[in-house]
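Chemist: Provide a 3D model corresponding to the input given below.
(one chain, ligands or ions: 1)
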Amino acid sequence: MSFTLNDLPLRDDLRGRSPYGAPQLDVPVVLNTNENPYPPSSRLAEAMAEAVTEVALGLNRYPDRDAVRLREGLAAYLGHDLGVDQVWAANGSNEILQQILQAFGGPGRVAMGFEPSYSMHPIISRGTGTSWVSVPRDEEFRIDMDAALAAIARHRPSVVFLTSPNNPTGTALEIADIARVCQATPGVVVVDEAYAEFRREGTPSALSMLPDHPRLIVSRTMSKAFALAGARVGYLAAHPAVVDALQLVRLPYHLSAVTQAVALTALDHAGELLSAVADLRAERDALVAWLREHGFSVAESDANFVLFGEFEDRTEIWQDMLDRQVLIREVGPPGWLRVTVGTPDEMDAFRRALLQVTGR
Ligand SMILES: *Cc1c(COP(=O)(O)O)cnc(C)c1O
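Modeler: Numbers count the residues shown, from 1 in each chain. Okay, the predicted model is just below:
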């Protein structure tokens, strides 16, 4: 008989759980994890290599534990008069979210989200022993504010997640609604803005709310618009007291000298890395229009992906697309699929495959 994790002294609350598992498959058209399809230029890659060589000569020493230069760079990038003491960085925004839950969640405490939303919010919550309460979104994937405020009053969450633009639906939130949630919540409110750079003209960022909301946390990432998913850099902006709280739970020297050097170089070349964002937004809007023309239901998107449907058997569509070398994501409400906006060639391949698969 084989030994499995069930034979291990695993925490009871982890038994039967599934790990995060977006398939990593080697196919020509990868449109399933919302990455930016344009890699850094070789000029930028060389600049990163140079920066890494420089820090490599000092790798016998621990890195700057507080990543001060990187945080200064991130604060300058975000604007809004943010100071270095209001910005914190970690290995991807997933580590940022984990640190938030370690500091503000935990056993006996509740984290809340409005689903469908980012699958890692409940996974990281449970991983830190925090109870997860899910409140359903309405048919347009908006947050039902009456239901939200009632659930907050009932469960008194220590952490509330608002994802804007939301993954996997693309839906952005109004500032007024974020403010109402902040006012009602006894704990911290995390606005996960992983896709902020892709939002449409006029869609606000919660960064502007920070001066009036000391328990508001805005989390961002370099994994999406910044085309740096492989480097693992996420960050947040919040009141300096929040940054102080996270120091209590972060591991010492969590952000390697190599990561800090690469991220700083990327920030120095922010213009180049973000130059594709406008094209990706235009490609997204064209994709939404094309899907609607062909009779699909499409969720409004302020992100670099589009949720579309509705399919009786979405698993079959997903598999048929994969058989045509196009990898998309089976995620979100039943009947819907999500596609990341890729290059024009990748989108052509997606459109061709989808027409074949659905017979439209
Ligand atoms: C992709 C994504 C992240 C990013 O995670 P990283 O750890 O920074 O790569 C965070 N939140 C949401 C909603 C996402 O979709």
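Chemist: check contacts around the residue of the stretch 1-150 of the chain found nearest the ligand.
Modeler: For the stretch 1-150 of the chain and the ligand, the shortest gap (CB to the nearest ligand atom) falls at residue 92, measuring 2.6 Å. C-beta coordinates here come from the backbone N, C-alpha and C atoms, glycine included. When contacts are counted by CB atoms under 8 Å, 6 or more residues apart in numbering, residue 92 touches 221, 223, 232, 233, 234.
Chemist: and what of residue 351?
Modeler: Contacts of residue 351 by CB under 8 Å, 6+ apart are residue 290.
Chemist: up against the ligand, what does the chain have?
Modeler: Within the chain, the residues that sit near the ligand (CB under 6 Å from any ligand atom) are 34, 92-94, 118, 163, 167, 192, 194, 221, 223-224, 229, 234.
Chemist: quick one: which two of the residues you listed are the most distant?
Modeler: Within these, two members stand farthest from each other by CB to CB: 163 and 229, at 17.6 Å.
Chemist: which one of the two has more residues nearby?
Modeler: Just comparing residue 163 and residue 229: by other CB atoms under 10 Å the higher neighbour count belongs to residue 163, 27 against 16.
Chemist: what residue is smack in the middle of the chain?
Modeler: residue 194 (4.0 Å; CA atoms, centre = their mean).
Chemist: pretty sure that one contacts residue 226?
Modeler: No - look at residue 194 against residue 226 with CB atoms under 8 Å: they stay out of range, at 10.6 Å.
Chemist: which stretch of helix or strand covers the residue nearest to the centre of the chain?
Modeler: Under DSSP states H and E, no helix or strand contains residue 194.
Chemist: and it, what is it in contact with?
Modeler: Counting by CB under 8 Å, 6+ apart, residue 194 touches 93, 118, 163, 167, 219, 220, 221, 223, 224.
Chemist: one more pass at 7 Å, please.
Modeler: Taking CB atoms under 7 Å, 6 or more residues apart in numbering, we find residue 194 in contact with 93, 167, 220, 221, 224.
Chemist: so what does residue 250 have for phi and psi?
Modeler: phi -70, psi 150 (degrees, to the nearest 10).
Chemist: that one touches residue 98, doesn't it?
Modeler: No - the pair residue 250 / residue 98 is not scored as a contact, 9.6 Å apart, by CB atoms under 7 Å.
Chemist: which of the two has more neighbours?
Modeler: Using other CB under 10 Å as the criterion, residue 250 and residue 98 rank with residue 98 on top: 22 against 19.
Chemist: buried sites along the lowest-mean-pLDDT helix or strand in the chain?
Modeler: The helix or strand of the chain with the poorest confidence is helix 270-273; it has a mean of 92 (mean pLDDT, DSSP states H and E). Using 16 or more other CB atoms under 10 Å as the test for burial, helix 270-273 gives residue 273.
Chemist: mind giving me the packing neighbours of the very next helix or strand once past that helix?
Modeler: Once helix 270-273 ends, the next helix or strand along the chain (criterion: DSSP H and E) is helix 277-293. In terms of contacts (3 or more CB pairs under 7 Å, 6 or more residues apart in numbering; DSSP states H and E), helix 277-293 is packed against strand 297-298, strand 305-309, helix 344-358.
Chemist: related to what we said a few turns ago, residues in contact with the least confident helix or strand of the chain?
Modeler: Outside helix 270-273, the residues within contact range by CB under 7 Å, 6+ apart are 40, 41, 44, 77, 226, 227, 266.
Chemist: which one among those residues gets closest to residue 304?
Modeler: residue 227 (10.7 Å).
Chemist: what sits against the closest one?
Modeler: So residue 227 contacts 36, 38, 39, 40, 273 (CB under 7 Å, 6+ apart).
Chemist: surely the fourth one is within a strand?
Modeler: By that I understand residue 40. No - secondary structure of residue 40 (DSSP: H, G, I helix; E, B strand; the rest coil): coil, not part of a strand.
Chemist: quick check: it vs residue 24, distance?
Modeler: 20 Å (CB to CB, to the nearest Å).
Chemist: between those two, which one's more packed in?
Modeler: residue 40 (22 against 9).
Chemist: so what pLDDT did the more buried one get?
Modeler: The model reports residue 40 with a pLDDT of 94.
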